[in-house]
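Participant: what follows is a predicted protein model with its sequence.
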Amino acid sequence: MQTEMIKIDREGELEQQLEKAAALIRRGELVAFPTETVYGLGADAMNESAAARIYSAKGRPSDNPLIVHIADLSQVDEVASYVPEAARRVMEQFWPGPLTVILNKKDAVPDGTTGGLKTVAIRMPSHPVARALIRESGRLIAAPSANLSGRPSPTTADHVYEDMKGRIPMILDGGPVGIGIESTIIDMSGPLPLILRPGYISREQLMEVAGQVEIDPAVSGKVMPEKVVAKAPGMKYRHYAPRGQLVLIEGPEDKVIEKINALAAEKEKEGLRVGVIASDEIVDRCSAGVCLHIGSRSNPETIAARLYDVLRETDKLGLDYIYSESFFEKGLLDAVMNRMLKAAGYRLISLQPDVERRAAE
Ligand code: TXA
Ligand code: MG
């Protein structure tokens, strides 16, 4: 299959540029498109065989449900059987934007879209191309991130092309995305709102509108969730992972860079290809391996925006080992760490004084 790349001219008439893409969606075909979080791989959400195409293009396990993208609040009622008052408030406050809300589904939503679950994930993106595509196609669009299953999510059309070339008919190139990590997912189908995946919209922001909000214990820890079962099926799979072995190091800045340099030098001596992921704050002190710059701690948005591109870069460079500093901080960096821990298979070296003390006892 030929994969056509359509460069979107944001100054030009969107409807016209999206005509062909909208027709593909109506025919049950796949189109990759930009959203404000990451690129999505879209298909008609109410067409079971279209949803099935998504799974085969991504190589994704079919029990992992898709997010249904809408362009208008009224469309919630096409897929949700019941919308609690708090969910309405959350939608009105944060949509369009990087938030996915899970509600009980209507029978009309095919099992192929929700992985057989009785609930449905709904999101109204703010990206103009995503919104125009939903409107022009006249369909609700089911879309996971447009990467091959297990790979880092795509934040540029080139990332999508790397993974989806020959597998899908069309990619809409709307330039690099703004945020760079996937939407926050909040489950509001039960009595207590539960965050299933952290993202740009924080727990604190959600609590202001929805009252008490819990975080799924399976996604908030520093250790691999074994006994606790993640409520979002997708969170249990190995994810976002580069081909090389990623190891995270946390602790005081000076000790972290010292340790990273030592580990990198050691692996290089063994003849292995090594990379170091570092922020502005320590990047000048990298002394071994290929140094990859991820952004600035003082501006967490730059780190979120660069994360997946840096992980993909480690693959292009053919790195065997990658050492990265950690960003255990409140807010957006917490969502970044959720992705990095998964990408690292939870390999984390702690140089925190209290952890070292405990280990010595
Ligand atoms: O920012 C985003 O959310 C992007 C863009 C394209 O919108 N999409 C995205 O989709 O990240 P995906 O498929 O890569 O991740 C969706 C996550 C998966 O972990 C899936 O298991 C979970 O949402 N999910 C979907 N429906 C669910 C449901 N009914 N109950 C629980 N988890 C659900
Ligand atoms: Mg994904």
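Facilitator: Cool, got the structure. Ligands and ions are numbered 1, 2, ... in the order given.
Participant: how about the residues of the chain near ligand 1?
Facilitator: In this structure, the chain approaches ligand 1 at residues 35, 37-38, 40, 64-67, 100, 102, 114, 117, 119-121, 123, 143-145, 182-183, 185, 196, 231-235, judged by Cβ under 6 Å from any ligand atom. Using the backbone N, CA and C atoms, a C-beta is placed for each residue, glycine as well.
Participant: keep only those of those that are in strands.
Facilitator: If you go by DSSP state E, the residues of the chain next to ligand 1 have 40, 67, 100, 102, 119-121, 123, 185, 196 in strands.
Participant: now the residue in the chain that ligand 1 sits nearest to. Nearest residue, chain neighbours left out?
Facilitator: Residue nearest to ligand 1 within the chain: Gly234 (2.1 Å; Cβ to the nearest ligand atom). With Cβ to Cβ, 6 or more residues apart in numbering as the criterion, Gly234 has its nearest non-adjacent residue at 4.8 Å, and that residue is Asn64.
Participant: pLDDT score for the one you found?
Facilitator: pLDDT for Asn64: 90.
Participant: now do the contacts for it.
Facilitator: If a contact means Cβ atoms under 8 Å, 6 or more residues apart in numbering, then Asn64 has 115, 144, 233-234, 237 as its contacts.
Participant: can you turn the buried part of those into a ChimeraX selection?
Facilitator: For selection in ChimeraX, the members of the contacts of Asn64 meeting the burial criterion (16 or more other Cβ atoms under 10 Å) are listed in this command:
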select :115,144,233,234
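Participant: can I get the contacts of Asn64 in TSV including pLDDT and distance to Ala23?
Facilitator: Shown next, in TSV, are those (pLDDT from 0 to 100; distance: Cβ to Cβ, whole Å):
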residue	pLDDT	distance to Ala23
Gly115	92	27
Pro144	97	22
Pro233	74	32
Gly234	70	29
Tyr237	61	33
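Participant: out of the contacts of Asn64, which is nearest to Leu206?
Facilitator: Top of the list for closeness to Leu206, among those and by Cβ to Cβ, is Gly234 at 19.9 Å.
Participant: give me the element Ser56 is part of.
Facilitator: Using DSSP states H and E, the element containing Ser56 is helix 48-58.
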